[in-house]
Structures are given as structure tokens and as C-alpha cells.
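Asks: here is the input, now give the coordinates:
(2 chains)
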Amino acid sequence: MLDIKFIRENPEAVKKGAKAKNVDIDVEGLLKKDEEYRKLDLEAQSLREERNKAAKERNIEKGKEIKEKLDSLEKNLSEKQEEVKKLLLQIPNPPKEDVKVGKNDTENDIVKTWGEPPKFDFQPKDHLTLGEALGIIDVERASKISGARFYFLKNEGALLEFALREFAFELLIKEGFTPVIPPVMIKTEVMKGLGYMENGGDEDMYIFEKDGLVLVGTSEQSIVSMHKDEVLDVKELPKRYVGFSTCFRREAGSYGKDTRGILRAHQFDKVEMVSFVKQGEDDKEHEYLLSIEEKLLQSLGIPYQVVKMCSGDLGFPAARKYDLEAWIPSEGKYREVTSTSTTTDFQARRLNIKYREEGKNEFVNILNGTAFSTRPLIAIIENFQQEDGSIQVPEVLQKYVGKKVIKSSK
RNA sequence: GGAGAGGUCGCAUAGCGGACUAGUGCAAUGGUCUUGAAAACCAUCGUGGCAGAAAUGCUACCGUGGGUUCGAAUCCCACCCUCUCCGCCA
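Replies: The predicted model follows:
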């Protein structure tokens, strides 16, 4: 959510930002409604003033008269307020100055490439073929009991995932992040507050009507909401969390896309970073989160490229976003494995998360980034495959997996 | 699941239809005193909105949403949450 005052003063900038994101908004309509709202509000205020006076004087007759007027006025007022709010919530966070204006993912820029794609003197297999043969991934049985887009991770498959998690947690705790395991179900109201249920976002969610709960699509949703309606002490900032949780996505509208293997599933695990920083310090923090994500992939030895999203490929709350794409040999291309975004004060305003400095309250800036998810597992399996179908375990993960090579036990 | 208690300003507590313009204590901030500190004392001290150049004024907010009333923190209804006890259960 943007500050209505900012919109009043910078309507052109707001329009420009929305256009760059391909979002249709009605700024003029919003400002007109806002003006009407303020006019009504002023009237209501002075009526209430009279009402309070009359009550104090025990002027029952006059009080009754005012009450009647006020009742209808307040009804209009709250309707108008709803209309303003509805329009306000439809306005996306404008992209940062340095973000290229572009239509969609075809206009994203590769800003960095690290490592060399491995050269195989045999035909590399994909992660599912390898995983099934090694007995570490089982999609067939998962579909028997849960349907499409589910998987079992078994044996070293399960261990590899724990290894990624442990490795990420150890590194991030050293960096001062607070480890956290958040709830994976949050109230529908809270999810709405996050702004993820608008524009059809609810189509991608598992919703429990009876309990008023929603399964999170990323632990960012629980962790960011953790400080909802709080005023943080400036001394606590930057406040950084590393969370682990299972994530749930209906993947509606992605039928036929990435159906093979475990790249796109209804349920997967993710280690997520969330930072709360002072107003204006998000650029620095964004580079920091990016550097951590790079360090993690580098430690594994996975070749990757950093892609800076153009305006049209940014989500609704993001002002800047980087994707880290790992090399996937079976596809012969880079695929997104992690990403990081700054939402500036957009989410904070919506969730009412502030910090106090020198007696003044200010909205925090909130950023998020993936440390690891199940996806890097795919990159490991494919990049470190051997001709005999075994997989070399990255050195940094060996102590967690307990071996250097994953071989078929058959 | 059953029975009870309770949600008030950062924290703790008072208030249970009209002087509540929400009191008090603690914490915090500034100051006095002190070589420095502690203590003591003095002062300041909730959030949002609107109007205003500003000083300031008005208004809303006592878990949330409705209702009763000229007037609600206070009464009524619904919901949410927390705690205690019992039952069940990782």
C-alpha cells in the first residue's frame, strides 16, 4: 500500500510506476474519492463536536437531532472510506529508479554469470531419471496417494534436503539471523492484509473455509506478518530472520508447465530470509541478501546467473527483484532456484509495522530472499551426476549427508 | 471437547453510564544535584486522521465487529485471543 499523501503529491509518478508494471489503475478516480472522503470527514468531525457538546450539556433534544444527521453521514463516510481503500490497495509498489522498464520476462537482464556449466562426455540425464534410479525421488507413489505434483524424497534425497537446510542455517546464524520455524497456516484475514489474495492470488492458495485459515505459499508470509501492528525499537534494526517451512501452492494456471520431476510441486520446503531495516536502507540490504544467496550457490559449486527483473516481471509489492538461476544440464538452460526482493515500505504500511527513532514512528522497509528450497536439490543432482548415474555430493554438504557419493543401492 | 477467569497507553494496574480531557506505578527521555555514577527531585512522555505556515485545534481509538443511549472503556449481542482446571492426545 502506498501513502495516500504521496499519491496526492505525486500522481504522475504513481501512474508511471503502475504502467511500468502493466497494472491498470485509476489514480484520478482515487484522488476524487479521497477528496470527497475528506470533505465528509470534516463535516462528520464538526457534527461530532456538536454532539459531544450537547451530551455534556445534557441537551437531549439537540442530541437526538444531531444523532440522526450523524448516523446517515457516518454511513456515507465509511462507505466512501471503503471505496478509497479499495482503490488504494490496487496500486502497486512502483519499481525503483534503477529497474529497467520492460514488458515481461523476455526483457530481464542477466547482470552476472558465475561458474561454468559442466561438460559431460555422456548424455546427462534429468533429475527425475537419476533420482528414481537412485531411489531418492519417488513421484509415482506420491501421485498414487496425493495426485500430481507431489513427491517423496527418500534416503539421500531426504538427507540432501536436510543438509541444505542445515548448511544455510549455520551460515545465516553466523551472520546474525534469528532462526525461526513459523506456522504454515495463517488467518485468511492476515493473508489478505499481505495483499497476496488480490488479483486472483487466492487461486494459488489452499484455503480452509471452516477454520478461516490459509496454507502459506512461503514462510515469508508468516515471518513478515509476525510483527504486524508492532512498533520496533530502532536498536533492534536491522532485524533478520532465517525461517524454515514447508510451502504450499495450488499451482493453478500452470497446467502442463514443468510437469516432469519436482521442479514445480504443490508442496516443497524452503529456507527463507526476511529483513526488517530502517527506511531508506533497503538498497544496501538488498545487495546483502543477494550476496548471501550467491555465496550459498557458490559454496555448492553450482553455476548460476543473476537476473535483474524488469518492471513488468516484478510482483505487486516488489520494487526490485533479482532471480538466481542455476544451470540445469538436462534442459540446457538456467532455471530460477532462488530470488530476493525489496518491498520498501509497501508491505510495512499494509501490515502497520513501524520503528521508533528519536520519538518519531517510521515504517520499516521489508525485504525477503530465498536461502534454499527444494529446487537447488535439482541443480545438485543434475550438475554433479556421473556417467554411472551416481551423484557427487558437494563438499560442504558431505558432513550432513554422511557420504561423498550417492550411489544406487540396487 | 467441558468449566471458569480475563483482554485498558511500551509494561503493570485502576476505572464498571455524564469532571475519563483514561488515573497511578514502572520503564523511557531531558534537566537539577554529583569529580563521575547511583539515589533523590523537577519536567516530558500513546497512536492515527483532518484543518493550519506554525503555535494549536478538532476528531477517532480501552481485543474485533455490531447494538442500546442525548451521552459507552463502562450496558447488550456475536466473534477472536490469552490464562487456570478437567478430559483426550502427539
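Asks: any idea what the closest residue to RNA strand B within the stretch 301-410 of chain A is bridged to?
Replies: Among all residues of the stretch 301-410 of chain A, A:N361 sits closest to RNA strand B, at 4.1 Å; criterion: CB to the nearest atom of the strand. Using the backbone N, CA and C atoms, a C-beta is placed for each residue, glycine as well. On the basis of DSSP bridges, A:N361 is bridged to A:R356.
Asks: swap in A:V180?
Replies: Beta bridges link A:V180 to A:G243, judged by DSSP bridges.
Asks: that one and A:T370: what is the separation?
Replies: From A:V180 across to A:T370, the span is 15 Å (CB to CB, to the nearest Å).
Asks: which non-adjacent residue is nearest the residue of chain A found nearest RNA strand B?
Replies: Going by CB to the nearest atom of the strand, RNA strand B is nearest to A:G63 of chain A, at 2.1 Å. The shortest distance from A:G63 to any non-neighbouring residue, by CB to CB, 6 or more residues apart in numbering, is to A:A54 (4.4 Å).
Asks: and the one you found, what element?
Replies: Element membership of A:A54 [criterion: DSSP states H and E] is helix A:27-56.
Asks: could you point out which element follows that helix?
Replies: With secondary structure assigned by DSSP H and E, helix A:27-56 is succeeded by helix A:60-89.
Asks: and that following helix, which residues are buried?
Replies: A:G63, A:I66, A:L70, A:L73, A:L77, A:K80, A:E83, A:V84, A:L87, A:L88, A:L89 (16 or more other CB atoms under 10 Å).
Asks: the residue of chain A closest to RNA strand B against A:N52, yeah?
Replies: No - assessed by CB atoms under 8 Å, A:G63 is found out of contact with A:N52, at 9.7 Å.
Asks: mutual contacts of the two, please.
Replies: Jointly contacting A:G63 and A:N52 under the rule CB atoms under 8 Å, 6 or more residues apart in numbering is no residue at all.
Asks: any idea how far apart the tips of stretch A:190-205 sit?
Replies: Start-to-end span of stretch A:190-205 (CA to CA, to the nearest Å) is 14 Å.
Asks: what helix or strand does the nearest residue to A:G389 once chain neighbours are set aside sit in?
Replies: Excluding the flanking residues, the one nearest A:G389 by CB to CB, 6+ apart is A:A133, at 5.4 Å. Taking DSSP H and E as the criterion, A:A133 maps to helix A:127-134.
Asks: direction included, what does the next helix or strand after that helix pair up with?
Replies: Using DSSP H and E, the helix or strand that follows helix A:127-134 in sequence is strand A:137-138. Strand pairing for strand A:137-138, determined by DSSP bridges: strand A:152-153 (antiparallel).
Asks: could you give the angle of the helix or strand following the strand it pairs with to helix A:127-134?
Replies: Note on strand A:152-153: by DSSP H and E, the next helix or strand toward the C-terminus is helix A:156-174. In terms of direction (axes from the mean of the first three to the mean of the last three CA atoms, to 10 degrees), helix A:156-174 departs from helix A:127-134 by 120 degrees.
Asks: quick one: neighbours of A:K144, just the number.
Replies: Using other CB atoms under 10 Å, A:K144 has 10 neighbouring residues.
Asks: what's the angle from the host helix or strand of it to helix A:127-134?
Replies: Assigned by DSSP H and E, A:K144 belongs to helix A:139-146. In terms of direction (the same axes, to 10 degrees), helix A:139-146 departs from helix A:127-134 by 90 degrees.
Asks: tell me which residues are up against helix A:139-146.
Replies: Looking at what lies outside helix A:139-146 - CB under 8 Å, 6+ apart - the contacts are A:L128, A:E132, A:F150, A:Y151, A:F152, A:G261, A:I262, A:H266.
Asks: got any ranges where the stretch 301-410 of chain A has weak pLDDT?
Replies: A:358-359, A:409-410 (pLDDT under 70).
Asks: what ranges do the strands span in it?
Replies: A:304-308, A:320-328, A:333-342, A:354-357, A:360-363, A:365-373, A:391-392, A:405-406 (DSSP state E, counting those that start in this stretch).
Asks: show me the shaky parts of the stretch 151-300 of chain A.
Replies: A:198-200.
Asks: now with 90?
Replies: Within the stretch 151-300 of chain A, the stretches with pLDDT under 90 are A:183, A:185-214, A:225-238, A:251-261, A:278-280.
Asks: near RNA strand B, which residues of it show up?
Replies: A:V231 (CB under 7 Å from any atom of the strand).
Asks: can you give me the strands for the stretch 151-300 of chain A?
Replies: Ranges of strands in the stretch 151-300 of chain A, per DSSP E, counting those that start in this stretch, are A:152-153, A:178-180, A:185-187, A:207-208, A:213-215, A:231-233, A:239-248, A:267-277.
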